[in-house]
Structures are given as structure tokens and as C-alpha cells.
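Undergrad: I'll drop the sequence and a predicted model, then ask my questions.
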Amino acid sequence: MKIGVLEWVARRRVLVLAASLLVVAVFEVLHEATEIGDVWFLVLAAHAFLIISLIVYSGTVTRLYHPALLVARPDVPAVDVPPSPGPVLAAAGFTIASGKIGIGTGRDVAAGVDVAFDAPLLGLWLVLIVALWVAALWRNGVRLRPDGILDRQIFGSLFVPWEALSTPHAAYAFDPYRISLFLAHPERTRRRGLRQGNRAMLPAAGVDAELLARAIHEYANRPELREAIGSPDELARFLAATGVRGARAAS
């Protein structure tokens, strides 16, 4: 998929996940309509190919998709990293994979078959699907606010106030996937929930790590600009001056 298509997947994640439920229904009808034979095998092969392709590609996208995009959120106010299409594709793939399991289990229950032995495994599978949907639909990732940096994940968050950062060197791109922070006052950072890991390391999922590091560096060193964080004009000013190739605001 091209970047434009992946951006569409991330923006229309509700539609993509709804389409995955429709695909479950379509393949169930096809499986019921075909008998053992060449047609049945082709349907089964297409079903398996789609599932495997979505799941494998979701991992590739999560690893390689790092566009130089930021999103102005004047209503918050904040600057967000754009949503990543990787979790959306993973949720769609596992949803399609789980459709047959769920439908089969429902038929067994309706027929009076005892499914107690399979209940723990089915429960874990359901938890996985719910977690994937939450990851796909919830706006996780790094958010820059006038008062600091918020890293939101499924099970917890980390907040780093601007005053906790060291200046003039506040952040740099550790690698394409992570931002390293220089913390002058790590005791001022706050964790909530089950957010674990290094307090001085932020994820760069779905965003160019160099662009995000430069944004953090900019507002750590220029406190007079922090109140304007989230406004489209301020984001446009920063992107024009950042020097990162192709940097732009997400539409």
C-alpha cells in the first residue's frame, strides 16, 4: 500500500473495522454455499491468504510507516502524532480470523454442545480481539500539550512536563522507532496505569522520529511558544522551520 492509502486506513479506521465484520459474514456465506471440492478449497485459500496478509502486513507497516506528519488539535489544545494504520490492519486481520471461531462456537452452544473445556482459550481470544480494537480505535501515542508531553498507551500513560526536560538538548531520535529524552528532573514525570519502561524513552509509532524529536526540542527550549501549541498557525510555523524533508500537517 502507498502512504496515501495507509493514511486513509488510519483516518477511516472505524470503516475498515466495520468492513472486516462484513468480510466475516461474506466468507461464512461462501463456506456454507460451497461443498468440499475445488471451489471450497479456493474459498478457504482466499480466506487464509487475506488473514495472513493483513496480520503480516500490519507488522511491516508498524515498523516501516513513519511519515513526517503532525496533527493540530486546537480543541484540546495539543499536537498529536497521527494514528498508525498498523493496529487497524492487525485488528481487521484477527477479527476476520476470529469470525469462524466465534460463529462455530455459537452454533455449538445452540446445539447443546458442552464448550466449557474451550472456554478459557475462547476467553483469552476475546480479550485479544477487544485489546486490538481498542488499540486501533483509541488515539494512542505521543501528544504535545502546553504543559508537557503525554504518551498514551492502552494500559497506561506517561506525562513529562516541559520543566522536567534538560535544555538546550532536550530530545533526539534514538532510532526510527523511539525518541530519547534528556531529563533534568525525572522525579517530575508521572505514570498512570500500567505504563512501564524507561521514562526517558517515547515511541515514534506512525510518525517520523526526527520530526517529533525536533518538536519536543523546540518547545522545551522556547517556553514562550507553548501556549500556542495546538493551533494550526503555530504548527504551520514549526513545520516550515523544522528542516525535516516532507514535514506537513495531517489533513
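TA: All right, it came through fine. Numbers count the residues shown, from 1 in each chain.

Undergrad: all helices of the stretch 51-200 of the chain, in order?
TA: Along the stretch 51-200 of the chain, counting by DSSP state H, counting those that start in this stretch, helices occupy 85-110, 119-137.

Undergrad: low pLDDT regions in the chain?
TA: Residue ranges of the chain with pLDDT under 70: 1-3, 36-37, 104-119, 251.

Undergrad: Find the nearest non-adjacent residue to the most centrally placed residue in the chain, please.
TA: In the chain, the residue lying closest to the centroid (CA atoms, centre = their mean) is Ser84, at 4.3 Å. Leaving aside its sequence neighbours, Ser84 sits nearest to Gly206 (CB to CB, 6 or more residues apart in numbering; 3.2 Å). Placement of C-beta: from N, CA and C, glycine included.

Undergrad: backbone phi and psi for that neighbour, please?
TA: The phi/psi pair for Gly206 (degrees, to the nearest 10) reads phi 80, psi 10.

Undergrad: May I have the residues that are in contact with it?
TA: Counting by CB atoms under 8 Å, 6 or more residues apart in numbering, Gly206 touches 10, 65-67, 81-86, 141.

Undergrad: between the residues you listed, which is nearest Leu121?
TA: Here the nearest of these to Leu121, counting by CB to CB, is Gly86; it sits at 25.7 Å.

Undergrad: Could you find the closest non-adjacent residue to the closest one?
TA: Here the nearest residue to Gly86 in space, its sequence neighbours aside, is Thr62; by CB to CB, 6+ apart that works out to 3.2 Å.

Undergrad: next one: Asn221
TA: Distances taken as CB to CB, 6+ apart put Thr167 closest to Asn221, at 5.2 Å, once the chain neighbours are dropped.

Undergrad: thinking the residue nearest to Gly86 is in contact with Ala205, fair?
TA: Yes. Thr62 lies in contact with Ala205 (CB atoms under 8 Å); the separation is 6.6 Å.

Undergrad: before we move on, the earlier item: quick check: phi and psi at the residue nearest to Asn221.
TA: For Thr167, the backbone dihedrals (degrees, to the nearest 10) come out as phi -130, psi 150.

Undergrad: Just to be sure, which of the contacts of Gly206 are found in strands?
TA: Here DSSP state E is the test, and the contacts of Gly206 give Gly141 as lying in strands.

Undergrad: The contacts of Gly206 into TSV, with extra columns for distance to Pro186?
TA: Supplementary listing: the contacts of Gly206 in TSV, determined by distance: CB to CB, whole Å:
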residue	distance to Pro186
Ala10	32
Tyr65	31
His66	27
Pro67	31
Val81	23
Pro82	28
Pro83	29
Ser84	27
Pro85	33
Gly86	30
Gly141	21
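
Undergrad: Perfect, I'm done here.
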